[in-house]
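Engineer: coordinates only, no sequence provided:
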């Protein structure tokens, strides 16, 4: 029966997706928003942010760099799952790869606040136990997703912030870095352009200034959802937040139910986009709740929440998600979203733009 469902999924993908065989024989497809009606022993999906990501704004070298890093990240988690590791471990290690890269608005590549600082948020959730951990506003933690995990497993709390979270990180023996570690020239230059623009024009709250990587101030997050061989889902999200943010603003990434949610009964979700709307709509939880209470599929739920509910509110962004059978949905209402997926057979799919890449 498992083989029958998987054959249906492959046939659907062949019909709707452009395929590019890689050198090692894996298949890369660039239009892989959904894989439905399959039963996977394990699977993994990631995102690296959503926004106005257009091919005409991307150099060939930068596009190749994103594809390479997304591939490296997802293969890291895939190997863990393939070898029988847990979904929680796969989520952490996959996100670590993106946190350590200046390409993404998370940890090393974090955007700057109005005051020229890097403030980091992250969360993780276990679909088996519904346990969760999150941190917000830290400035010295090399890998925020690891601290979120420690909060989940070694404290009685769900969300820690600021200096208290950093003190807890030291007690747990996590790697602490000087805040200068997070400095990247391109992100700093992006802040300076925004500050200069503020001097000459009133900022439209619905329109973002340009960023060198994701062409919006308010978008940029990394996330991962994994299903392991024991049937357990986990989801995690990590971000540097919004460029030019003030007043210690915190977005949806560390908010359980908004930026991250996982429940073995339904699905795992990691969000990316304009955080204020994801919090108001409890986007990640809403997808799970629609599946649980209405009995609809993951694809139906993500479509309703992202393309209807979120859009009607005026919010923009997307999610990556897996249901308890490993079915995939990558739903977004922006021009692009950095994303990748691998199933139990090792088929690799990487996408950046909404349209097919040529």
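Structural biologist: Cool, got the structure. Since the structure is predicted, the reported quantities are computational estimates derived from the model, not experimental observations. Numbers count the residues shown, from 1 in each chain.

Engineer: tell me how many other residues surround the closest residue to residue 89 other than its chain neighbours.
Structural biologist: Leaving aside its sequence neighbours, residue 89 sits nearest to residue 80 (Cβ to Cβ, 6 or more residues apart in numbering; 5.4 Å). The way it works is simple: take the backbone N, C-alpha and C, and place the C-beta from them, glycine included. A count of nearby residues for residue 80, using other Cβ atoms under 10 Å, gives 23.

Engineer: one more: residue 288?
Structural biologist: Residue 288, neighbours per other Cβ under 10 Å, totals 25.

Engineer: next, the contact list for the residue nearest to it when sequence neighbours are not counted, please.
Structural biologist: In space, and not counting its chain neighbours, residue 288 is closest to residue 266: 4.3 Å by Cβ to Cβ, 6+ apart. Residue 266 sits next to 287, 288, 291, 292, 298, 323, 324 when contact means Cβ atoms under 8 Å, 6 or more residues apart in numbering.

Engineer: cool, and residue 130?
Structural biologist: Residue 130 neighbours (Cβ under 8 Å, 6+ apart): 262, 263.

Engineer: what of residue 174?
Structural biologist: 141, 142, 143, 146, 147, 150.

Engineer: do I have it right that residue 228 meets residue 82?
Structural biologist: No: using Cβ atoms under 8 Å, residue 228 is not in contact with residue 82, being 10.0 Å away.

Engineer: which of those two has more neighbours?
Structural biologist: Between residue 228 and residue 82, counted using other Cβ under 10 Å, residue 228 has the larger neighbour count: 25 against 18.

Engineer: helices along this protein, start to end?
Structural biologist: 2-16, 60-82, 87-99, 144-154, 162-171, 185-200, 275-280, 283-294, 298-302, 311-313 (DSSP state H).

Engineer: can you lay out those helices as JSON lines showing distance to residue 319 and mean pLDDT?
Structural biologist: Conversion of the helices of the chain to JSON lines gives the following (distance: least, Cβ to Cβ, whole Å; pLDDT from 0 to 100):
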{"stretch": "helix 2-16", "distance to residue 319": "20", "mean pLDDT": "39"}
{"stretch": "helix 60-82", "distance to residue 319": "16", "mean pLDDT": "97"}
{"stretch": "helix 87-99", "distance to residue 319": "15", "mean pLDDT": "98"}
{"stretch": "helix 144-154", "distance to residue 319": "17", "mean pLDDT": "98"}
{"stretch": "helix 162-171", "distance to residue 319": "25", "mean pLDDT": "98"}
{"stretch": "helix 185-200", "distance to residue 319": "24", "mean pLDDT": "90"}
{"stretch": "helix 275-280", "distance to residue 319": "9", "mean pLDDT": "97"}
{"stretch": "helix 283-294", "distance to residue 319": "7", "mean pLDDT": "98"}
{"stretch": "helix 298-302", "distance to residue 319": "6", "mean pLDDT": "98"}
{"stretch": "helix 311-313", "distance to residue 319": "13", "mean pLDDT": "97"}
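
Engineer: tell me, what's touching residue 228 and residue 82 both at once?
Structural biologist: residue 42.

Engineer: what's across from residue 141 in the sheet?
Structural biologist: Going by DSSP bridges, residue 141 is paired in beta bridges with residue 176.

Engineer: thought it was touching residue 118?
Structural biologist: No: applying Cβ under 8 Å, one finds residue 141 not in contact with residue 118, separated by 10.6 Å.

Engineer: any idea what the nearest residue to residue 71 once chain neighbours are set aside is bridged to?
Structural biologist: Distances taken as Cβ to Cβ, 6+ apart place residue 350 nearest to residue 71, at 6.2 Å, with adjacent residues excluded. With DSSP bridges as the criterion, residue 350 is bridged to residue 340.

Engineer: any chance of the helices of the chain in JSON lines, plus distance to residue 106?
Structural biologist: Formatted as JSON lines, the helices of the chain follow (distance: least, Cβ to Cβ, whole Å):
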{"stretch": "helix 2-16", "distance to residue 106": "29"}
{"stretch": "helix 60-82", "distance to residue 106": "11"}
{"stretch": "helix 87-99", "distance to residue 106": "5"}
{"stretch": "helix 144-154", "distance to residue 106": "8"}
{"stretch": "helix 162-171", "distance to residue 106": "16"}
{"stretch": "helix 185-200", "distance to residue 106": "11"}
{"stretch": "helix 275-280", "distance to residue 106": "13"}
{"stretch": "helix 283-294", "distance to residue 106": "17"}
{"stretch": "helix 298-302", "distance to residue 106": "22"}
{"stretch": "helix 311-313", "distance to residue 106": "25"}
